[in-house]
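Enquirer: coordinates for the following, if possible.
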Amino acid sequence: MRITGGNLTSRIIPAQFANHVRPSTDRVRESLFNTLNHQKGISETQILDLFSGSGIIALEFLSRGANNVYSIDKDKKNISHQKAIQKSWELNRWHVIFGDALTPQKSIEKLGLAMPAFDIIFADPPYDMPDIQGLVSILMPLLADQGWLIIEHKPQLVFAEQELLKKEYGSTTMTIFAKE
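Expert: Down below sits the predicted model:
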């Protein structure tokens, strides 16, 4: 895997994360970040990356100028992998947190960090996770005004909430919700 844009472009991410991780493809990431750059902006943002897996999404945000990225995952191998990259690349704006992505505030505050309002929340839950649609009501209150919630999921999933944008890439769909 490689970073597709920003000041860390083309840096290679070692594949030392848990076997069940399904990293977003280069094509999906490039399309997502093109959309974000043209419609939202990334520079100086507060980002929450949930079910962070390999850490590639967090690294893409940092590479493109995000102010801080908080990554939460409950797999110790994934967290160890992310912390190794964080340390070797000296990424002190990347907060790698072992915790439950369904209770991000608790996970962040247990480390003594202040809970910011997030400009963008990216969630890539396991495709077979029950009630992925429930993430919208859990995560929307954590967004700043005009913030975006992006959920990566299988194409068959339907949300009750009004989406801002939906993009399909084969077996992957990104649905974006906006906080007014």
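
Enquirer: residue 45: what's it in contact with?
Expert: 61, 65, 66, 67, 119, 120 (Cβ atoms under 8 Å, 6 or more residues apart in numbering). In short, each C-beta sits where N, CA and C put it, glycine included.

Enquirer: then residue 86?
Expert: Contacts of residue 86 (Cβ under 8 Å, 6+ apart): 94, 96.

Enquirer: residue 40 now?
Expert: The contact partners of residue 40, by Cβ under 8 Å, 6+ apart, come to 119, 120, 148.

Enquirer: how about a cut-off of 6 Å?
Expert: Residue 40 makes contacts with residue 148, as judged by Cβ atoms under 6 Å, 6 or more residues apart in numbering.

Enquirer: distance-wise, check it relative to residue 161.
Expert: Per Cβ to Cβ, to the nearest Å, residue 40 is found 18 Å from residue 161.

Enquirer: what residue ranges in the protein are flagged as low confidence?
Expert: Within the chain, the segments meeting pLDDT under 70 span 16-23.

Enquirer: tell me which element residue 173 is part of?
Expert: Per DSSP states H and E: residue 173 is located in strand 172-178.

Enquirer: in that strand, what counts as buried?
Expert: Residues of strand 172-178 classed as buried: 172, 173, 174, 175, 176, 177, 178 (neighbour count, 16 or more other Cβ atoms under 10 Å).

Enquirer: would you map the helices across this structure?
Expert: Taking DSSP state H, the helices of the chain run over residues 26-39, 56-63, 76-88, 104-109, 135-139.

Enquirer: residue 47 is nearest to which of the ones you listed?
Expert: Nearest to residue 47 among the helices of the chain is helix 56-63; the distance by Cβ to Cβ comes to 4.8 Å.
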